[in-house]
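>>> just to be clear, the model below is a prediction. Sequence and coordinates:
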Amino acid sequence: EVRGAAGRSSGSGMVLREDGYILTNNHVIAPTGDTTGQVVVVLADGSQEEAEVVGRTADYDLAVLRVDRTDLDPLVLADSSTVAVGDPVVAIGAPLGLEGTVTAGIVSALDRPVSAGTTQATTFINAIQTDAAINPGNSGGPLVDAAGQVIGINTAIAQASGTPEATGSIGLGFAIPANQARRTAEELIATGEASYPVIGVALDTRYRGEGVQVLTDGVDGADAVTPGGPAAEAGIEPGDVILSIDGDPVTDPDELIVAVRARAPGETVTLRVRRGGQELEVDVVLDEAGSQ
């Protein structure tokens, strides 16, 4: 439960460690602002604890809180790379403030590129899609598998075209994969900040052909290909069309951004690139950028 200058909100979360660390969505605690506001955690036994914000990132829509307890019962974060479409899942949380609600479904799709938030703070998720009912208030709660292990953090729901804001489940919910949540949570606990990987290119959102195109010219003072960045070091040039990443086709700029952010800084990815009438494969070592 969150109170701040920007208003009030409530959401869900999961215990990460017995010594008081709790994981939720950044947008759940957004009303606190940067320095003000209050976060109260209501535990399963009904007890309430005021929490401090250890770290938060809008880019991954994750936040780590800590309460003054050393006897919490943590959940287990699964290896989300082993999740398969059709796996049974249960979403746990407090939709519309109804604590301890569970809804059942299956994994509907994997690696679904989802962008949410605002133009000032956009979240890119390489999401697990589920038809388990997820409603406002479920945000930050766990999506668990049949063994009770957490495969994702429930974060967003789709709405029919023309609907101004989230009103309820239509069977299209999205969760941040557990592997991403684990990496980001560990960073937030260790340093209070998170990072995300970049390849160092600006993409042309007007391009409508196969793949995604690197801008031919810089825009707003930014280069199409960052000098000295990962893409430049790999030989990518302005105007190149990126067709796939590690063999997976990309057809929209968000797909490439999400696929990159699902990796970790320092990882190497293979991009298939078309330049003129030729196609070539280039290996790119991902650089690191500080998250919001």
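Happy to help now that I have it.
>>> for the stretch 51-200 of the chain, what spans make up the strands?
Secondary structure of the stretch 51-200 of the chain (DSSP state E, counting those that start in this stretch): strands at 62-66, 88-93, 101-117, 122-130, 142-144, 150-157, 173-177, 195-198.
>>> can I get these in TSV including mean neighbour count?
The C-beta positions use only the backbone N, C-alpha and C, and glycine is treated the same way. TSV is the format used below for the strands of the stretch 51-200 of the chain (neighbours: other CB atoms under 10 Å):
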stretch	mean neighbour count
strand 62-66	26
strand 88-93	21
strand 101-117	17
strand 122-130	24
strand 142-144	28
strand 150-157	27
strand 173-177	28
strand 195-198	21
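>>> could you dump those strands into TSV and include distance to residue 207 and mean pLDDT?
As requested, the strands of the stretch 51-200 of the chain are exported to TSV (distance: least, CB to CB, whole Å; pLDDT from 0 to 100):
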stretch	distance to residue 207	mean pLDDT
strand 62-66	31	96
strand 88-93	36	97
strand 101-117	16	91
strand 122-130	19	89
strand 142-144	34	98
strand 150-157	26	95
strand 173-177	26	95
strand 195-198	20	90
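>>> export those strands to TSV and append columns for distance to residue 55.
Formatted as TSV, those follow (distance: least, CB to CB, whole Å):
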stretch	distance to residue 55
strand 62-66	5
strand 88-93	22
strand 101-117	18
strand 122-130	16
strand 142-144	19
strand 150-157	15
strand 173-177	15
strand 195-198	11
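>>> end to end, how far does stretch 225-233 reach?
The first and final residues of stretch 225-233 sit 10 Å from each other (CA to CA, to the nearest Å).
>>> list the buried residues in that stretch.
225-226, 229-233 (16 or more other CB atoms under 10 Å).
>>> on that earlier part again, so which of the strands of the stretch 51-200 of the chain is nearest residue 208?
strand 101-117 (17.3 Å; CB to CB).
>>> how far is the lowest-mean-pLDDT helix or strand in the chain from where the chain is centred?
Ranked by mean pLDDT, DSSP states H and E, the weakest helix or strand in the chain is strand 7-9, scoring a mean of 79. On the basis of CA atoms, centre = their mean, to the nearest Å, strand 7-9 sits 22 Å off its chain's mean C-alpha point.
>>> same thing with stretch 179-186?
So, by CA atoms, centre = their mean, the centroid of stretch 179-186 is 10 Å from its chain's centroid.
>>> hey, C-alpha coordinates of it in CSV?
Extracted C-alpha coordinates of stretch 179-186, given in CSV (Å, rounded to 0.1, in the frame of the first residue of the first chain):
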residue,chain,number,x,y,z
ASN,A,179,15.6,-14.7,-14.8
GLN,A,180,15.3,-11.0,-15.7
ALA,A,181,13.8,-10.3,-12.3
ARG,A,182,16.6,-12.1,-10.5
ARG,A,183,19.4,-10.3,-12.3
THR,A,184,17.8,-6.8,-11.8
ALA,A,185,16.8,-7.5,-8.1
GLU,A,186,20.4,-8.6,-7.3
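>>> run through who's touching it.
16, 21, 23, 57, 60, 62, 64, 77, 79-81, 126, 150, 152-153, 194, 262, 264 (CB atoms under 8 Å, 6 or more residues apart in numbering).
>>> residues of that stretch that come out buried?
Neighbour-count burial for stretch 179-186 [16+ other CB under 10 Å]: 179-185.
>>> closest one of those residues to residue 215?
Out of those, the member with the shortest distance to residue 215 (by CB to CB) is residue 180, at 27.5 Å.
>>> and the longest helix seen in the chain, how far from the chain's centre?
Looking across the chain with DSSP state H, the single longest helix is helix 178-191. On the basis of CA atoms, centre = their mean, helix 178-191 sits 11 Å off its chain's mean C-alpha point.
>>> before we move on, the earlier item: can you list the strands that the least confident helix or strand of the chain pairs with?
If you go by DSSP bridges, strand 7-9 pairs up with strand 2-4 (antiparallel).
>>> list of residues touching the partner strand?
Applying CB under 8 Å, 6+ apart, the external contacts of strand 2-4 come out as 8-11, 28-33, 36-40.
>>> run the last query once more with 10 Å
8-11, 24, 28-33, 35-40, 51 (CB atoms under 10 Å, 6 or more residues apart in numbering).
>>> what residues are up against residue 11?
1-2, 24-25, 27-30, 63, 93-95, 97, 136-141, 154 are the contacts of residue 11 under CB under 10 Å, 6+ apart.
>>> tell me which element residue 27 falls in.
Element membership for residue 27 (DSSP states H and E) is helix 26-29.
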